[in-house]
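K.L.:
Kindly generate the corresponding structure for this input.
(chains A, B, C and D)
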There are 4 protein chains.
Amino acid sequence: MTITSDIDATVADLRRQVCDLHRHLTRYELVIWTAGNVSARVAGRDLMVIKPSGADYESMTAEDMVVCDLYGNLVDGELSPSSDTAAHAYVYRHMPHVGGVVHTHSTYATAWAARGEPIPCVLTMIADEFGGDIPVGPFALIGDDSIGRGIVETLQHSRSRAVLMRNHGPFTIGRDARDAVKAAVMVEDVARTVHIARQLGAPPLIDADDVTALFERYQNVYGQPGRTNTEETLR
Amino acid sequence: MTITSDIDATVADLRRQVCDLHRHLTRYELVIWTAGNVSARVAGRDLMVIKPSGADYESMTAEDMVVCDLYGNLVDGELSPSSDTAAHAYVYRHMPHVGGVVHTHSTYATAWAARGEPIPCVLTMIADEFGGDIPVGPFALIGDDSIGRGIVETLQHSRSRAVLMRNHGPFTIGRDARDAVKAAVMVEDVARTVHIARQLGAPPLIDADDVTALFERYQNVYGQPGRTNTEETLR
Amino acid sequence: MTITSDIDATVADLRRQVCDLHRHLTRYELVIWTAGNVSARVAGRDLMVIKPSGADYESMTAEDMVVCDLYGNLVDGELSPSSDTAAHAYVYRHMPHVGGVVHTHSTYATAWAARGEPIPCVLTMIADEFGGDIPVGPFALIGDDSIGRGIVETLQHSRSRAVLMRNHGPFTIGRDARDAVKAAVMVEDVARTVHIARQLGAPPLIDADDVTALFERYQNVYGQPGRTNTEETLR
Amino acid sequence: MTITSDIDATVADLRRQVCDLHRHLTRYELVIWTAGNVSARVAGRDLMVIKPSGADYESMTAEDMVVCDLYGNLVDGELSPSSDTAAHAYVYRHMPHVGGVVHTHSTYATAWAARGEPIPCVLTMIADEFGGDIPVGPFALIGDDSIGRGIVETLQHSRSRAVLMRNHGPFTIGRDARDAVKAAVMVEDVARTVHIARQLGAPPLIDADDVTALFERYQNVYGQPGRTNTEETLR
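P.N.:
This next block holds a predicted model:
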């Protein structure tokens, strides 16, 4: 099956982006072996581009990335889509502003998820990036819409772009795939720092008004004029 | 001594595979200096290919890998086999479905082994990969069949492909050497994550029925059709 | 706007230095994504060179570094200066002996900062490098002089070149940018080691007289004759 | 000053070895910036080869290594010897079987040193490599023989090749410089593993008779026939 020719260029570009963005997951050691996946919405179409199941990070190529509809059905590609495709698809169906989704089992975020404990907002970086505590989602089995529904129900009441799915690991969302990858990198970093802070005491929460001030400033001021925070690479 | 010519090609191929698979042990920092070893069964023969003793990971070559019978006697090769050869050999003699064995002293798995405490099944990744708690094997001295017997007696009553040998470190098994290496990578990853989760509380166990559902699904569904999970590299 | 031609060479050289010094922040894993920044004073001028906001470590070049006055106003450069520029500028205005400033969110130093707890002087390396406990600065919001003032008020009463800003992270100063980078590397290293020591007990403090003896010796004796400690690269 | 010509080749070779062995210290992250040093005895002469003070790991060359007598006086070389030279020299004067000395501030070993707590022999790897608990040496200031004397007095009553100097860090010895480097790598590895094991409980000690059996076997059996354990690189 092939997709209609008028969006071929867009899809080819997203395949390159999605494939390439996985290198941040390995560089920051958020994934091991073939675990973890990145997807991107095809703007204006009910389609997404996602990593195939069990693909090796070192050898996978842009062409290996697969195109699915927003129910997880394969539309274009040689390989089976990621086993987490249904969760990504559910998010795209129910959160129209989301352009990218990432899932990892990164160590510290998964440890908070295993305990079912939100990451408290005790760092300015958490306020900047997540606008408050990073919430916990329900325990859900793979195989139907449970994981996707758990993600959406948790995130729609939060400023956070990350959710810690119980006994499982983090999912992150973003305006585009790069923004969701950044959130995956950041959630692990703050999960680690707050874990370490908590090992020897209880770091005080940042005042709620200060959290809001930091969040709004960072979302609007940081980075270069005319660029979103998701395009911060200079060239 | 040389092996019969009709299996020369198979053995040469396994020497390359076994040598090459050690790079996962260094990449994921499961071994230091010359510690750790991978072996593979020569299918249909009472032979195995294993790393030589004290070999340096950076400079060792496929030709350095040695061939032993399943009592650990050297059959082909210039160098002495790994000091853990007897344990690998015992496993191959008593577990005919096992095609690969790996031993490391990876940090977190060894820490659980030092305390003699099984890794509890509190993550979907543990259910997927190991089908339940990761068990502890007995304390055993090197030099006879004690280590091998401890591995076999522990694993034959478990779905787990990993055992934590007391005061020593993990051994893993697999359908082939790559599958055993994957188990060695995964056991360290979950040992680390659960350790970190436990430092600040007690993560709840996943319900036994859910563990079984996850395990059976992962063993049968994950990856690409027509490939086993042990062949997940795309090319 | 361009700067006067007679200091063009100096500024070009500082741009290369400042850009290049960021590689220590990535090599020692003190920063993720685009967080963290290095600046250098332009000697004899009320100017500083600093990283632009949201710049990517892998692709940024010397030319991307921007020149600001000591109130944080852009003087030369295509990009917006780091969002932490006001803090750097405040330090240069109020501490004339400071030639370099570094800010990171390095994990362990930030964890001490989150708890608001100074790092106690329990290692000879802390005595050598910091001359005593590493102090905590106040919680301060970004956007005015609060952060800069907190840094200066804390460090002017200390031998330490590092301050742990509450709920935020470390800032370090130095005779030049390289010296401040070295302090950023060292503060994370000792923050990690003392954290780990403290997890299993209370390491004894080094006697105050011994701290002073170590600090004075290290500042005057270590390294090569005719070189400052900040020029310890041999070529 | 130049050394007599008949040992020029030996010294040149040791300079290459000593310089090159430092890469293990960086690879295993035992050192940061310019901290840490390796030395080697010049066999049959009252001389040693050691890293110069404050030398950068990335750029230093074999020619930068300096030759000192066993009182730490410079005999050949352009640069000042390591600030730890007196400690190395004291060890060579008082332990004639020692051919190499290494000093680092590696994180976990230094954490045990900061608490002044020996690393208990709870792993077969500790029994193999160190023959029992890894002992703690006294607190000693730099500048005279105190550090060297503390090392020697601690190690002469132990099978261990590593000593944890209080509030400072580990020193290791070996038959040659490579053996001392191996001990530096191993002491950090076991310091980390036992630390992590201890965080969640008390790992049982290995029985003293088993420790001795493991130590004697490993010192005599491991590796390739006709090679010492310090020459385990295959080529």
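K.L.:
What residues does A:Asp84 make contact with?
P.N.:
Going by Cβ atoms under 8 Å, 6 or more residues apart in numbering or on different chains, A:Asp84 touches A:Asn37, A:His103, A:Ile142, A:Ile147. In short, each C-beta sits where N, CA and C put it, glycine included.
K.L.:
where exactly do the strands run in chain A?
P.N.:
A:37-42, A:47-50, A:66-69, A:74-76, A:100-103, A:136-137, A:162-165, A:169-174 (DSSP state E).
K.L.:
For those strands, give me JSON lines that also has distance to D:Arg217.
P.N.:
Below are these laid out as JSON lines (distance: least, Cβ to Cβ, whole Å):
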{"stretch": "strand A:37-42", "distance to D:Arg217": "47"}
{"stretch": "strand A:47-50", "distance to D:Arg217": "52"}
{"stretch": "strand A:66-69", "distance to D:Arg217": "54"}
{"stretch": "strand A:74-76", "distance to D:Arg217": "57"}
{"stretch": "strand A:100-103", "distance to D:Arg217": "47"}
{"stretch": "strand A:136-137", "distance to D:Arg217": "50"}
{"stretch": "strand A:162-165", "distance to D:Arg217": "47"}
{"stretch": "strand A:169-174", "distance to D:Arg217": "43"}
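K.L.:
ok, which residues in chain A are in contact with chain B?
P.N.:
With Cβ under 8 Å from any Cβ of the partner chain as the criterion, chain A comes near chain B at residues A:32-35, A:52-56, A:59-60, A:64, A:79-80, A:83, A:105, A:107-108, A:110-112, A:114-117, A:139, A:141-143, A:167-169, A:195, A:198-199.
K.L.:
filter those residues down to the ones near chain C?
P.N.:
By Cβ under 8 Å from any Cβ, the members of those lying near chain C are A:Gln199.
K.L.:
buried subset of the residues of chain A next to chain B?
P.N.:
Using 16 or more other Cβ atoms under 10 Å in any protein chain shown as the burial test, the residues of chain A next to chain B include A:32-35, A:52-55, A:60, A:64, A:79-80, A:83, A:105, A:107-108, A:110-112, A:114-117, A:139, A:141-142, A:167-169, A:195, A:198-199 as buried.
K.L.:
before we move on, back to that, so which of the strands of chain A is the most packed in?
P.N.:
Among these, strand A:100-103 has the highest mean neighbour count (mean count of other Cβ atoms under 10 Å in any protein chain shown), at a mean of 31.
K.L.:
Could you name the helices and strands sitting against that strand?
P.N.:
Contact analysis of strand A:100-103 by 3 or more Cβ pairs under 8 Å, 6 or more residues apart in numbering or on different chains; DSSP states H and E lists strand A:37-42, helix A:85-94, strand A:169-174, helix A:177-199 as its packing neighbours.
K.L.:
Arrange the ones you listed in a markdown table, one row each, with mean pLDDT as further columns.
P.N.:
What follows is the helices and strands packed on strand A:100-103, written out as a markdown table (pLDDT from 0 to 100):
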| stretch | mean pLDDT |
| --- | --- |
| strand A:37-42 | 98 |
| helix A:85-94 | 98 |
| strand A:169-174 | 98 |
| helix A:177-199 | 98 |
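K.L.:
Any stretches of chain A with poor pLDDT?
P.N.:
Within chain A, the stretches with pLDDT under 70 are A:1-6, A:222, A:225-235.
K.L.:
redo that, cut-off 90
P.N.:
A:1-8, A:143, A:157, A:219-235 (pLDDT under 90).
K.L.:
Closest residue of it to chain D?
P.N.:
Of all residues in chain A, A:Gln199 sits closest to chain D, at 8.9 Å by Cβ to the nearest Cβ.
K.L.:
In contact with that residue, which residues?
P.N.:
A:Gln199 touches B:Gln199, B:Leu200, C:Ala111, C:His195, C:Gln199, counting by Cβ under 8 Å, 6+ apart.
K.L.:
Can you pick out the most distant pair from the residues you listed?
P.N.:
Taking every pair in the contacts of A:Gln199 and measuring Cβ to Cβ, the maximum separation is 14.5 Å, between B:Leu200 and C:His195.
K.L.:
Out of the helices and strands packed on strand A:100-103, which gets nearest to B:Val221?
P.N.:
B:Val221 sits nearest to helix A:85-94 of all the helices and strands packed on strand A:100-103, at 12.1 Å, using Cβ to Cβ.
K.L.:
other SSEs contacting that closest one?
P.N.:
Judged by 3+ Cβ pairs under 8 Å, 6+ apart, helix A:85-94 is in contact with strand A:37-42, strand A:47-50, strand A:66-69, strand A:100-103, helix A:146-155, strand A:169-174.
K.L.:
Next, the angle from the fifth one to helix A:85-94.
P.N.:
Interaxial angle, helix A:146-155 versus helix A:85-94 (axes from the mean of the first three to the mean of the last three Cα atoms, to 10 degrees): 40 degrees.
K.L.:
how far is helix A:146-155 from where the chain is centred?
P.N.:
How far helix A:146-155 lies from its chain's middle: 13 Å, per Cα atoms, centre = their mean, to the nearest Å.
K.L.:
that older thread, and the helices and strands packed on strand A:100-103: which comes nearest A:Leu74?
P.N.:
Smallest distance to A:Leu74 across the helices and strands packed on strand A:100-103 (Cβ to Cβ): 8.8 Å, for helix A:85-94.
K.L.:
Report the angle between that closest one and strand A:169-174.
P.N.:
Angle between the axes of helix A:85-94 and strand A:169-174 is 40 degrees (criterion: the same axes, to 10 degrees).
K.L.:
what's helix A:85-94 in contact with?
P.N.:
Helix A:85-94 has contacts (Cβ under 8 Å, 6+ apart) with A:37, A:39, A:41, A:48, A:50, A:68-72, A:82, A:98, A:101, A:103, A:142-145, A:147-149, A:151-152, A:171, A:173.
K.L.:
7 Å instead?
P.N.:
Counting by Cβ atoms under 7 Å, 6 or more residues apart in numbering or on different chains, helix A:85-94 makes contact with A:39, A:41, A:48, A:50, A:68, A:70-72, A:98, A:101, A:145, A:147-149, A:151-152, A:171, A:173, all of which sit outside it.
K.L.:
A:Thr154: neighbour count?
P.N.:
A:Thr154 has 19 neighbours, counted by other Cβ atoms under 10 Å in any protein chain shown.
K.L.:
Skip the chain neighbours and tell me the closest residue to it.
P.N.:
A:Gly137 (4.2 Å; Cβ to Cβ, 6 or more residues apart in numbering or on different chains).
K.L.:
The one you found: what's it in contact with?
P.N.:
Counting by Cβ under 7 Å, 6+ apart, A:Gly137 touches A:Gly150, A:Ile151, A:Thr154, A:Val163, A:Leu164, A:Met165, A:Arg166.
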